[in-house]
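Asks: sharing a model that was predicted from the sequence below.
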Number of protein chains: 2
Amino acid sequence: MTTLTIGKVAKAAGLGVETVRFYERQGLIAEPARSDSGYRQYGPETIRRLQFIVRAKALGFTLQEIGDLLDLRATPGAGCADVQARAEAKIADIEERITQLEAMKRALGELVVQCRGEGPLSDCPILDALDEEAP
Amino acid sequence: MTTLTIGKVAKAAGLGVETVRFYERQGLIAEPARSDSGYRQYGPETIRRLQFIVRAKALGFTLQEIGDLLDLRATPGAGCADVQARAEAKIADIEERITQLEAMKRALGELVVQCRGEGPLSDCPILDALDEEAP
DNA sequence: CTTGACCCTGTACCTTACTACATGGTTTAG
DNA sequence: CTAAACCATGTAGTAAGGTACAGGGTCAAG
């Protein structure tokens, strides 16, 4: 059987060795078997698991949520609907953050257009707005 | 002259006492005069400065950036254009984050619609995608 | 056999923006 | 006058997701 060192699985997943150990501490990957000298010995399935983590992170899931997703996968009786619910919750979460950012962007944009980009700071509408916006 | 305790200025700005002290440590507000017993004594201008900080935070500026903005205000020769540039940079920053989030949302949305919300996890298109997406 | 590239553990540090004590002095309301 | 409410300092902890050593053992090439 093939065994892979931590360096190999890390590289294969595009992660650093320290990060893989960190994920182990976080419970995202199981503690692997050890060689006589104490080296971690992984099977190829660990690379897939790490890639799962990397991809889920790219979709905006936190490590905690990814852990839940991985646990779910091992839960008898869990169904597609459970995963779907989590994905939908994450979408809602992302939408909320977008809404927040859009509001900031809009408010900043309004200030920027009021500013001609000329003159001293004493006349700057941006600073004025920060200074004395209505409570 | 009116002097305000830290509790008063904190409350007026909608902050906690600890937060005001934290802002002092961060250099966002000056170290105030002290009473005989060592109490911080603020003038009303500190409330405005704290409110400035609160509003700038609401617009998405980090404390570091707010510090720069406040310093700028005290820089002779600095102009409106400098402030405008920072506001525009922040807008660009926010847009980048929105773009990132939109991409996540779109990717997640595509997975969710592929999922009928029925059946076992072994058939879940969402987990499948995380498991074996093309590299 | 030596050198360099790995691996191990454990701990500490990074960012951002606070928040929470512990311990003790001060001020104010009743 | 006393008790509550406030203020002081200093240290440490929080979330999230790592990164960086220090100090030491191990493995493969030449």
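Replies: Nice, thanks for sending it over. Residues are numbered from 1 along each chain as shown, chains lettered A, B, ... in the order given.
Asks: and the residue nearest to the spatial centre of chain A, what does it touch?
Replies: By C-alpha atoms, centre = their mean, chain A has its centre lying nearest to A:Lys57, at 4.1 Å. By C-beta atoms under 8 Å, 6 or more residues apart in numbering or on different chains, the residues touching A:Lys57 are A:63, A:66. For every residue, glycine as well, the C-beta is placed using N, CA and C.
Asks: do the helix or strand harbouring it and DNA strand D meet at all?
Replies: Per DSSP states H and E: A:Lys57 is located in helix A:44-58. Yes: judged by C-beta under 7 Å from any atom of the strand, helix A:44-58 and DNA strand D are in contact via A:Lys57.
Asks: which residue sits closest to the residue of chain A most remote from its centre, ignoring its sequence neighbours?
Replies: Distance from the centre of chain A peaks at A:Gly119, with 42.8 Å (C-alpha atoms, centre = their mean). Nearest non-adjacent residue to A:Gly119, counting by C-beta to C-beta, 6 or more residues apart in numbering or on different chains: B:Cys80, 5.1 Å away.
Asks: the one you found contacts A:Asp123, doesn't it?
Replies: Yes: B:Cys80 lies in contact with A:Asp123 (C-beta atoms under 8 Å); the separation is 6.5 Å.
Asks: what helices or strands is the longest helix anywhere in chain A leaning on?
Replies: Criterion DSSP state H: the longest helix present in chain A is helix A:80-114. Under the contact criterion of 3 or more C-beta pairs under 8 Å, 6 or more residues apart in numbering or on different chains; DSSP states H and E, helix A:80-114 touches helix A:63-73, helix A:125-132, helix B:80-114, helix B:125-132.
Asks: and these: which comes nearest DNA strand D?
Replies: Among the helices and strands packed on helix A:80-114, the nearest to DNA strand D by C-beta to the nearest atom of the strand is helix A:63-73 (3.6 Å).
Asks: C-alpha coordinates for that closest one, PDB please?
Replies: This file holds the C-alpha atoms of helix A:63-73, laid out as PDB (Å, rounded to 0.1, in the frame of the first residue of the first chain):
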ATOM      1  CA  LEU A  63     -13.500  25.500   8.800                       C
ATOM      2  CA  GLN A  64     -16.100  24.800  11.400                       C
ATOM      3  CA  GLU A  65     -18.800  24.500   8.700                       C
ATOM      4  CA  ILE A  66     -16.500  22.300   6.600                       C
ATOM      5  CA  GLY A  67     -16.100  20.100   9.600                       C
ATOM      6  CA  ASP A  68     -19.800  19.800   9.900                       C
ATOM      7  CA  LEU A  69     -20.100  19.000   6.300                       C
ATOM      8  CA  LEU A  70     -17.500  16.300   6.500                       C
ATOM      9  CA  ASP A  71     -19.200  14.900   9.600                       C
ATOM     10  CA  LEU A  72     -22.500  14.900   7.800                       C
ATOM     11  CA  ARG A  73     -21.100  12.800   5.100                       C
END
